[in-house]
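1. here you go, sequence then predicted model.
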Amino acid sequence: MDHLIGLKEDFVRCLAECFGLQTDTSEILINETRREFAGDFTFVLFTYVKQLKKSPAELGTIAGDWLIKNSSIVDACEVVQGFLNVTMSDAFWLRTLNAISSEPSFGESPATGKKVMVEFASPNTNKPLHLGHIRNILLGWSCARILEANGYQVITTQVINDRGIAICKSMLAWQKFGNGATPASTGIKGDHLVGDYYVLFEQTFREEYEAWQRTKEGIAVWDKSKKAGQEKEDFFKEYKNTYFNDYSRIGGEARQMLLDWEAGKPEVTALWKQMNSWVYEGFDQTYTHLGVHFDCAYYESETYLLGKKAIEKGLDQGIFYRLEDGSVWVNLEDAGMDRKILLRSDGTSVYMTQDIGTAQKRYADYGIDRMVYTVADEQDYHFKVLFEILRRLGEPYAAGLHHLSYGMVELPTGRMKSREGTVVDADDLIAEVIAEASSIAEERGEIAALPAAEQKNILRQIGLGALKFFMIRIQPRKRMIFDPKESVDMQGQTGPYVQNAYVRIQSVIRKSGGEATGDHSEYSGVEDMEKVLIRQLMQFPSVVREAGDNYDPSAIANFAYVLARDYHRFYHDVRILNAPDTNARNFRITLSGEVGKVLKKSFYLLGIEMPDRM
RNA sequence: GGUUCCGUAGCUCAGCUGGAUAGAGCAACAGAUUUCUAAUCUGUGGGUCACAGGUUCGAAUCCUGUCGGGAUCACCA
């Protein structure tokens, strides 16, 4: 609920009685008064100057006098440069805090009865997860939690690209060089083991290719196909794919394996299942470390043929058209897009076809109203096209489709490149931030007395808190420069800083001698820092709503940081347990408790845990 | 080239449904702990909000254009 509704109502009455102006509370805009002026909330008077034909000063004086006389919650008013600053009564602050604390689901919206599916992660099964996946996973997961808080029933899902030439490369290299190595026999996490063989394949291929470049055949190709003035190195860089497809021995074997897989050859299928299962075990570990889980998964090996039926339907409806060579297209030029192929001339489907089919299957499986795709912004156009096609097909969920697009993650040295070995591995990074948290905790010694398991859990929460907050506080659409050094910072605008505010609150509550909040109805002289905190708490519901409307977790992260910062200041300036009287003490403990709850809830929405001590 | 996203302090980012003198953190320097956890707090310095027009009482915010950067424009995924 809107805790300023009372003030808005008073102002509406004020406008009506003083100036004969009929408005509605929904039209009243209230800002927080800037720190340098006296007052708590501010009305901007310029809005009314024109229609009431009075100067801002005149308007403010009349309205201010009226409010002081007639509003039970306004204590004082001051007009400064066209702004009417009102100071609220102590009763207003007490009542607001009580209202917040008596609302268990403060910040959440009532159930909408609608279902939304949120897709994120979307890994390939030939490599372990990396930094880019972490951003994706954090965004998707947080978005899911935020939509839930906005009243949706949420289903999390991932698309797993478990087929294609890439996994065949890993399989082939394992077959040739693996000597039966398994995660168990080597002690290597499954996704890393499979990734190692992918790398080994690429290495072998590269050596083969380089050797070939010096053979008669290679030299002949260079002589025949080079472009004028082209360097040999550049030529062979460009020629790589052709070589892979037309000449490479090991490339040929990998392609054969893909054909065998598609034909369902038992040995190949068995190997494929085996290696993928290792990968999934590895992924699951990483997901668990990151604190996320999926309600279901869609495997490309099962969905890659879907969508053809939709193409038939679209053809019947005249939405798509077939060329003479048999390929099927859609023309979206009237919507500012272009022509897109949906079925190749040989009748096989493309990525788009599969996405159409998968969307339909998801609807069939769950009857969802909305769908969110967490995918990097390099695929903006793809989703624009996909959504337009689904809309034209008349899919019932078409209006609820959303691409949660985010900028790519780059290192200070530029984009991550696997060939240059600059890819930041997800598991390594997680281990690193936890190690950093451990070394700082050791210096501090604050949790040294706790049981080892508990310490370990806290260090995990802090390390991950640092990493996650570092990534999620940046707006999704912005491209992100990820400096590993900064990601382990635990001071300033960081996850541990917010956690620390929460920990301080828990410590206060523990020492306050019980959970009973005690009476503070006689409290008077509400401190500035207390008002600041309550004002900030009041914003929580709208922050959650807007974060949901905009698919923007960073709004919550920034809100939580500001709340934590204000609490740290309050904690520093105001005595809580040694307050001058019991009303003040009880009020401050209650306030602290509410700040703690909102911080914890905010972090929950971000997928970050709160330790009780640190 | 078309489309699209981004451009705010040395660095990383907030602020953008138009409102007061544009804010944080990091880094630098100077301080604060007999007192509730110093992963904290306070202070100092640091800005042509890329640029130019326009709309407005008022523009970092909205509109147009320019410049710079990213992404994308395959019978690839």
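-> Structure's in. What do you need? Numbering: from 1, shown residues only, chains lettered A, B, ... in the order given.
2. list the buried ones in stretch A:250-263?
-> Of the residues in stretch A:250-263, those with enough neighbours to count as buried (16 or more other CB atoms under 10 Å) are A:250-251, A:253-255, A:257-258, A:260-261. In short, each C-beta sits where N, CA and C put it, glycine included.
3. what of stretch A:551-571?
-> Neighbour counts over stretch A:551-571 (16+ other CB under 10 Å) mark A:551-567, A:570-571 as buried.
4. just to revisit the earlier point, looking at the buried residues of stretch A:250-263, which is nearest RNA strand B?
-> Nearest to RNA strand B, judged by CB to the nearest atom of the strand, of these is residue A:258 at 11.3 Å.
5. for that closest one, what is the enclosing helix or strand?
-> helix A:249-262 (DSSP states H and E).
6. that helix near RNA strand B at all?
-> No - with CB under 7 Å from any atom of the strand as the threshold, helix A:249-262 lies outside contact range of RNA strand B, at a closest distance of 11.3 Å.
7. skip ahead from that helix and say which helix or strand is next.
-> Following helix A:249-262 in sequence order, the next helix or strand is helix A:266-290 (DSSP H and E).
8. how much space between residue A:373 and residue A:160?
-> Residue A:373 sits at a distance of 14 Å from residue A:160 (criterion: CB to CB, to the nearest Å).
9. so where's the stretch 351-500 of chain A uncertain?
-> Scanning the stretch 351-500 of chain A for pLDDT under 70 picks out no residues.
10. ok and the residue in it nearest RNA strand B?
-> Closest residue of the stretch 351-500 of chain A to RNA strand B, CB to the nearest atom of the strand: residue A:492 (2.1 Å).
11. can I get the helix holding residue A:258 as CSV, trimmed to CA atoms?
-> Once non-C-alpha atoms are left out, helix A:249-262 reads as follows in CSV (Å, rounded to 0.1, in the frame of the first residue of the first chain):
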residue,chain,number,x,y,z
ARG,A,249,40.9,-35.9,-41.1
ILE,A,250,39.9,-35.3,-37.5
GLY,A,251,37.2,-32.8,-38.7
GLY,A,252,35.9,-35.5,-40.9
GLU,A,253,35.7,-37.9,-38.0
ALA,A,254,33.9,-35.4,-35.9
ARG,A,255,31.4,-34.7,-38.7
GLN,A,256,30.9,-38.5,-39.1
MET,A,257,30.2,-38.7,-35.5
LEU,A,258,27.5,-36.1,-35.8
LEU,A,259,26.0,-38.1,-38.6
ASP,A,260,26.1,-41.2,-36.6
TRP,A,261,24.5,-39.4,-33.7
GLU,A,262,21.7,-38.2,-35.9
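12. quick one: it to chain centroid distance?
-> Averaging C-alpha positions (CA atoms, centre = their mean, to the nearest Å) puts helix A:249-262 38 Å from its chain's average.
13. who are the packing partners of it?
-> Contact here means 3 or more CB pairs under 8 Å, 6 or more residues apart in numbering; DSSP states H and E; on that basis helix A:249-262 packs against helix A:165-177, helix A:190-213, helix A:232-246, helix A:266-290.
14. neighbouring contacts of that helix?
-> Counting by CB atoms under 8 Å, 6 or more residues apart in numbering, helix A:249-262 makes contact with A:163-165, A:168-169, A:171-172, A:201, A:204-205, A:208, A:243-245, A:268-269, A:272, all of which sit outside it.
15. tilt between it and helix A:165-177?
-> Here helix A:249-262 runs at 110 degrees with respect to helix A:165-177, directions being taken by axes from the mean of the first three to the mean of the last three CA atoms, to 10 degrees.
16. what mean pLDDT does helix A:249-262 get?
-> Averaging pLDDT along helix A:249-262 yields 92.
17. give me phi/psi at the residue nearest to residue A:64 when sequence neighbours are not counted?
-> Closest residue to residue A:64 apart from its sequence neighbours, by CB to CB, 6 or more residues apart in numbering: residue A:77 at 3.2 Å. Taking degrees, to the nearest 10, you get phi -140, psi 150 for the backbone angles of residue A:77.
18. quick one, what contacts residue A:77?
-> The contact partners of residue A:77, taken as CB under 8 Å, 6+ apart, are A:39, A:60, A:63-65, A:67-68, A:84-87.
19. from RNA strand B, how far out is residue A:176?
-> According to CB to the nearest atom of the strand, to the nearest Å, residue A:176 stands 24 Å off from RNA strand B.
20. burial of the nearest residue to residue A:400 once chain neighbours are set aside, as a residue count?
-> Closest residue in space to residue A:400, ignoring its immediate chain neighbours: residue A:370 at 3.3 Å, by CB to CB, 6+ apart. Each residue near residue A:370 was counted by other CB atoms under 10 Å, and the total is 18.
21. what sits against the closest residue to residue A:415 other than its chain neighbours?
-> The spatially closest residue to residue A:415, leaving aside those adjacent along the chain, is residue A:408, at 7.1 Å (CB to CB, 6+ apart). Applying CB under 8 Å, 6+ apart, one finds that residue A:408 lies in contact with A:132, A:376-378, A:415, A:479-480.
22. let's verify the closest residue to residue A:33 other than its chain neighbours: helix, strand, or coil?
-> Distances taken as CB to CB, 6+ apart place residue A:39 nearest to residue A:33, at 4.1 Å, with adjacent residues excluded. Classification of residue A:39 into helix, strand or coil gives coil, according to DSSP: H, G, I helix; E, B strand; the rest coil.
23. for residue A:524, see how far away residue A:39 is.
-> On the measure of CB to CB, residue A:39 and residue A:524 end up 18 Å apart.
24. looking at these two, which has the bigger crowd around it?
-> residue A:39 (19 against 12).
25. what's near enough to touch that one?
-> Applying CB under 8 Å, 6+ apart, one finds that residue A:39 lies in contact with A:33, A:76-78, A:85-87.
26. okay, and residue A:600 sits in which element?
-> Residue A:600 belongs to helix A:582-606 when assigned by DSSP H and E.
27. pull the distance from that helix to the chain's centre.
-> Distance of helix A:582-606 from its chain centroid, counting by CA atoms, centre = their mean, is 25 Å.
28. average pLDDT for that helix, rounded please.
-> Per-residue pLDDT over helix A:582-606 has a mean of 96.
29. what sits against the residue nearest to residue A:400?
-> A:114-117, A:152, A:397, A:400-402.
30. give me the subset of the contacts of residue A:77 lying in helices.
-> Among these, the residues falling in helices (DSSP state H) are A:60, A:63-65, A:67-68.
31. distance check, the closest residue in space to residue A:588 that isn't next to it in sequence against residue A:512.
-> Take residue A:588 and drop its neighbours on the chain: the residue closest to it by CB to CB, 6+ apart is residue A:576, 4.4 Å away. According to CB to CB, residue A:576 stands 8 Å off from residue A:512.
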